[in-house]
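Engineer: Would you be able to build a 3D model of this:
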Amino acid sequence: MRKNNMKQKYNKPSYGILIKVIVGIILLVTLGILLYKFFNTSKENFNTLSDDKIELHNFPEGKDIDGDNGIFTKETNIEENGITYTKYTLKEAFELKTNTFIKILSETVIIDGNNIELDCPDNFKGLIQNGDINNNNGYSNVTIQNFKLIGGSIGWDSISGFICQDYFSRGAVNNRIQNCYTTGNILSQYSSGGICGAACGRSGKVTITNCYTTGDILGSGTGGICGSGCGFGGTVIITNCYTTGVI
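Structural biologist: The predicted structure is shown next:
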């Protein structure tokens, strides 16, 4: 019998298919991570509390504005200089996120930090909004006082301040920021400030008293107390304020 000298064909494993499977698994895992972050962030963005005077954005879940489970103690009919205010006094420290802020919804409001230290995150967007860059004017007769923000930073692309965001008191008068300080660094390349951001008091009037900052100032157009453009078309009065950070 003649021997069959033909070699049996050997099928090599397909590494191409194996690579495609691994890449597919990596893509699925990456997609899962992105979806988790998206829905987690969306949940934070909707964590909003409001009444007729203020609106709290991205504050701790399960909290109220006032009451037994409230972040603030709310008092009405507070008389100061012939004006009747609603006053919100912070009760205890809470976690600040990068986009945690208080939006003013009405005139005659006092927000009092009660000299409680709050740890500030990096890339913070500013705690108080009363007017904005989108031509929305702020409200008059608003006082922000006794806030202490510790650490953190204002990001390189921001025009905000630690205590008040940009355009605070835009088109509004008799607004005050007093007895506040911050210790975080200002990394912005634009117009941020240690207390107020850019264009504070634009076409309005705001008084800043007894405030200071200790963080370093790294960007151009930034300031220890206010960002650039403050008082444009209006008035900003700064009294007994200073900064000790490296410029």
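Engineer: Helix, strand, or coil at the residue nearest the centre of the chain?
Structural biologist: Computing the C-alpha centroid of the chain and ranking residues by CA atoms, centre = their mean puts Lys125 first, at 2.8 Å. At Lys125 the chain is in coil, as set by DSSP: H, G, I helix; E, B strand; the rest coil.
Engineer: Report the separation between it and Ser158.
Structural biologist: To Ser158, Lys125 is 7 Å away according to CB to CB, to the nearest Å. C-betas here are computed from N, CA, C, even on glycine.
Engineer: any idea how far Asp64 is from the nearest residue to Thr239 once chain neighbours are set aside?
Structural biologist: Excluding its sequence neighbours, the residue lying closest to Thr239 (CB to CB, 6 or more residues apart in numbering) is Thr209, at 4.8 Å. According to CB to CB, Thr209 and Asp64 sit 31 Å apart.
Engineer: Cys164 contacts Ala198, doesn't it?
Structural biologist: No: look at Cys164 against Ala198 with CB atoms under 8 Å: they stay out of range, at 10.7 Å.
Engineer: How is the chain partitioned into domains?
Structural biologist: In the domain annotation for the chain, the residue ranges read 15-46, 49-243 (automatic domain parsing).
Engineer: Could you say which of the ones you listed is packed most deeply?
Structural biologist: Of all these, domain 49-243 has the most neighbours on average by mean count of other CB atoms under 10 Å, namely a mean of 20.
Engineer: Can you name the element that comes right after the helix or strand bottoming out on mean pLDDT in the chain?
Structural biologist: Ranked by mean pLDDT, DSSP states H and E, the weakest helix or strand in the chain is helix 15-45, scoring a mean of 59. Going down the chain from helix 15-45, the next helix or strand is strand 48-50, by DSSP states H and E.
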